[in-house]
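1. Structure for this input, please:
(4 chains)
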2 protein chains.
Amino acid sequence: MTPACASVDNYVVNGNMGAMMSGMTERPYHHGHLRAALLDEAERTLREQGIDALSLRDLARQAGVSHAAPRRHFADRQALLDALAEAGFTRLGAEVSAAIDGAGTDYRARLQAAATAYVRFATADAALLQLMFSDKNSKALPRAAVGLFATVSDLIDQGQQAGVLPPGDPDRLRLLLVATLQGVAALTISGGVARGQADALITDAVTLFTRGDLP
Amino acid sequence: MTPACASVDNYVVNGNMGAMMSGMTERPYHHGHLRAALLDEAERTLREQGIDALSLRDLARQAGVSHAAPRRHFADRQALLDALAEAGFTRLGAEVSAAIDGAGTDYRARLQAAATAYVRFATADAALLQLMFSDKNSKALPRAAVGLFATVSDLIDQGQQAGVLPPGDPDRLRLLLVATLQGVAALTISGGVARGQADALITDAVTLFTRGDLP
DNA sequence: ACCTGAACACCGTTCAAGT
DNA sequence: ACCTGAACACCGTTCAAGT
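-> Sure thing, here's the model as predicted:
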């Protein structure tokens, strides 16, 4: 469930307020994992409570450090958000890639699997996806999204070579596909479409791109 | 600094005439237009500086009232954002509708005009569009977006009757079209595609939906 | 190198009181 | 009915100082 920060998990601060007020003198903390702990906790807060609930002071509190300590690892709040977005792109790219690899050889099935993985990520981490596509990291986006775009590009190439996708500039087709997936995700997140409708939308999009007959 | 409140011309003062003095008086503000002035200024701040720069206290300051005065008209910050989103949907619906009406009789031209109007709105008011499709107003969305959805539904019906759009469930086709436009807008806003690319993307989307040949 | 504690300016929200 | 002023709790950011 929680990616990143895998090998080092021995600190386990089950942070709650009163536990470290007084009494036992547990202060060996230099903490050691502060950066990873902050990112981990931030990702969960983002998922469970949205971006408005994400506060540097609160994260520091939950990590058991002073409110100024995060400054060593993130210059400001935006730097933390940028790091979250970057990690999000890496994970999204990996999940889409894994979905394609596990989808067998039929091209439509592979395309459908990629689209489904994308929308699943979007609904499970709506706030994160919105952060990833925020206009604030227009510069950081391409750097972290390279893997995802490469995966989709390969998918486009395969489809065109197999004659299942329409011919034409593969870059434009890739952008259109990503845009469509992003739009389906956005509408699903915003409540414009329900869950079952989302699956139908994905199917329709795949059908449209592969020039099949819409139902 | 500026008095703002310029484009407000159809508010109605219900039985509060005593507060409005004839002649130009600068000071005796009960203000009279506070709600409209706040919305006006908020929309501009949103456009020019983004949602993070939108503060109730700042809006009150610019309107020349105390920081607690907005409370009379908006229960909290979220209520203001909801009102902005609702007004946004109304305006977006009107602009798309006008674009279609002014696009002549050729169906592809009408579809292209609608798509262009949508993306133009999205790039001109990026923060507002993100607000409109935020997951926070999942309930308020359908109410205000009805006009827009009806316009797009009409467009779908025309296309299917003319045989230019593929047959099938018009509701699903409408969702797919809106999702595609939303995705193109999102990618354009986030900097994933440039301006000229956006136009090409729109053209490709229209071509795909109308089953023409992609370039 | 990493972290603390105090300080500053700002914010949203509440509420008694003014007019 | 509409608005003010003070108050509260919270926030991001900065900086001298601790270890």
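2. contacts, neighbours, all on C-alpha from now
-> Will do.
3. How about the contacts made by the closest residue to A:Phe209 other than its chain neighbours?
-> Counting by C-alpha to C-alpha, 6 or more residues apart in numbering or on different chains, A:Leu165 is the residue found nearest to A:Phe209 once chain neighbours are left out, at 6.2 Å. For A:Leu165, the contact set (C-alpha atoms under 8 Å, 6 or more residues apart in numbering or on different chains) comprises A:Ile156, A:Gly159, A:Phe209, A:Thr210, A:Arg211.
4. A:Ala109 now?
-> A:Ala109 makes contact with A:Ala103 under the criterion C-alpha under 8 Å, 6+ apart.
5. Check the secondary structure at it for me.
-> When classified by DSSP: H, G, I helix; E, B strand; the rest coil, A:Ala109 comes out as helix.
6. sorry, back to before: Serialize the contacts of A:Leu165 to JSON lines and add fields for pLDDT and secondary structure.
-> JSON lines is the format used below for the contacts of A:Leu165 (pLDDT from 0 to 100; DSSP: H, G, I helix; E, B strand; the rest coil):
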{"residue": "A:Ile156", "pLDDT": "97", "secondary structure": "helix"}
{"residue": "A:Gly159", "pLDDT": "96", "secondary structure": "helix"}
{"residue": "A:Phe209", "pLDDT": "95", "secondary structure": "helix"}
{"residue": "A:Thr210", "pLDDT": "93", "secondary structure": "coil"}
{"residue": "A:Arg211", "pLDDT": "83", "secondary structure": "coil"}
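7. Drop anything exposed from the residues you listed.
-> Among the contacts of A:Leu165, those classed as buried by 16 or more other C-alpha atoms under 10 Å in any protein chain shown are A:Ile156, A:Gly159, A:Phe209, A:Thr210, A:Arg211.
8. Next one: the spatially closest residue to the second one that is not a sequence neighbour from A:Leu148, what distance?
-> When the adjacent residues along the chain are set aside, A:Gly159 lies closest to A:Leu165, with 5.0 Å between them (C-alpha to C-alpha, 6+ apart). Remark: distance between A:Leu165 and A:Leu148 (C-alpha to C-alpha, to the nearest Å) = 19 Å.
9. now do A:Ala185
-> Per C-alpha to C-alpha, A:Ala185 is found 16 Å from A:Leu148.
10. neighbour count winner among these two?
-> Each of A:Ala185 and A:Leu148 has its neighbours counted (other C-alpha atoms under 10 Å in any protein chain shown); A:Ala185 has more, 29 against 20.
11. I figured that one hits A:Thr123, correct?
-> Yes - with contact defined as C-alpha atoms under 8 Å, A:Ala185 counts as touching A:Thr123 (7.0 Å).
12. what does whichever strand or helix holds A:Gly93 contact?
-> Per DSSP states H and E: A:Gly93 is located in helix A:77-101. Helix A:77-101 has contacts (C-alpha under 8 Å, 6+ apart) with A:39, A:42-43, A:55-56, A:74, A:110-111, A:113-115, A:117-118, A:121, A:128-129, A:131-132, A:137, A:140-141, A:144-145, A:147-148, A:151.
13. which of the residues in stretch A:86-94 are buried?
-> Residues A:Glu86, A:Ala87, A:Gly88, A:Phe89, A:Arg91, A:Leu92, A:Gly93, A:Ala94 are the ones in stretch A:86-94 that count as buried (16+ other C-alpha under 10 Å).
14. again with stretch A:146-161
-> Within stretch A:146-161, judged by 16+ other C-alpha under 10 Å, the buried ones are A:Gly147, A:Leu148, A:Phe149, A:Thr151, A:Val152, A:Ser153, A:Leu155, A:Ile156, A:Asp157, A:Gly159, A:Gln160.
15. Take the residues you listed and lay them out in JSON lines including secondary structure.
-> Formatted as JSON lines, those follow (three-state DSSP):
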{"residue": "A:Gly147", "secondary structure": "helix"}
{"residue": "A:Leu148", "secondary structure": "helix"}
{"residue": "A:Phe149", "secondary structure": "helix"}
{"residue": "A:Thr151", "secondary structure": "helix"}
{"residue": "A:Val152", "secondary structure": "helix"}
{"residue": "A:Ser153", "secondary structure": "helix"}
{"residue": "A:Leu155", "secondary structure": "helix"}
{"residue": "A:Ile156", "secondary structure": "helix"}
{"residue": "A:Asp157", "secondary structure": "helix"}
{"residue": "A:Gly159", "secondary structure": "helix"}
{"residue": "A:Gln160", "secondary structure": "helix"}
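16. how about the CA coordinates for the helix-or-strand element of chain A with minimal mean pLDDT, as PDB?
-> Lowest on mean pLDDT, DSSP states H and E among the helices and strands of chain A sits helix A:140-161, with a mean of 89. Below are the C-alpha coordinates for helix A:140-161, written out as PDB (Å, rounded to 0.1, in the frame of the first residue of the first chain):
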ATOM      1  CA  ALA A 140       8.800  19.600 -13.300                       C
ATOM      2  CA  LEU A 141       6.100  17.700 -15.100                       C
ATOM      3  CA  PRO A 142       7.900  16.600 -18.200                       C
ATOM      4  CA  ARG A 143      10.900  15.300 -16.200                       C
ATOM      5  CA  ALA A 144       9.000  12.900 -14.000                       C
ATOM      6  CA  ALA A 145       6.300  12.100 -16.600                       C
ATOM      7  CA  VAL A 146       8.900  10.800 -19.200                       C
ATOM      8  CA  GLY A 147       8.400   7.200 -18.200                       C
ATOM      9  CA  LEU A 148       4.700   7.400 -18.500                       C
ATOM     10  CA  PHE A 149       4.800   9.100 -21.900                       C
ATOM     11  CA  ALA A 150       7.300   6.600 -23.100                       C
ATOM     12  CA  THR A 151       5.100   3.700 -22.100                       C
ATOM     13  CA  VAL A 152       2.100   5.200 -23.900                       C
ATOM     14  CA  SER A 153       4.200   6.000 -26.900                       C
ATOM     15  CA  ASP A 154       5.200   2.300 -27.200                       C
ATOM     16  CA  LEU A 155       1.600   1.400 -26.900                       C
ATOM     17  CA  ILE A 156       0.700   3.700 -29.800                       C
ATOM     18  CA  ASP A 157       3.400   2.400 -32.000                       C
ATOM     19  CA  GLN A 158       2.300  -1.200 -31.400                       C
ATOM     20  CA  GLY A 159      -1.300  -0.300 -32.300                       C
ATOM     21  CA  GLN A 160      -0.400   1.500 -35.500                       C
ATOM     22  CA  GLN A 161       1.900  -1.300 -36.600                       C
END
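17. roughly how far apart are the residue nearest to the spatial centre of chain A and DNA strand C?
-> Central residue of chain A (C-alpha atoms, centre = their mean): A:Gly88, 3.4 Å from the mean position. Separation of A:Gly88 from DNA strand C (C-alpha to the nearest atom of the strand, to the nearest Å): 23 Å.
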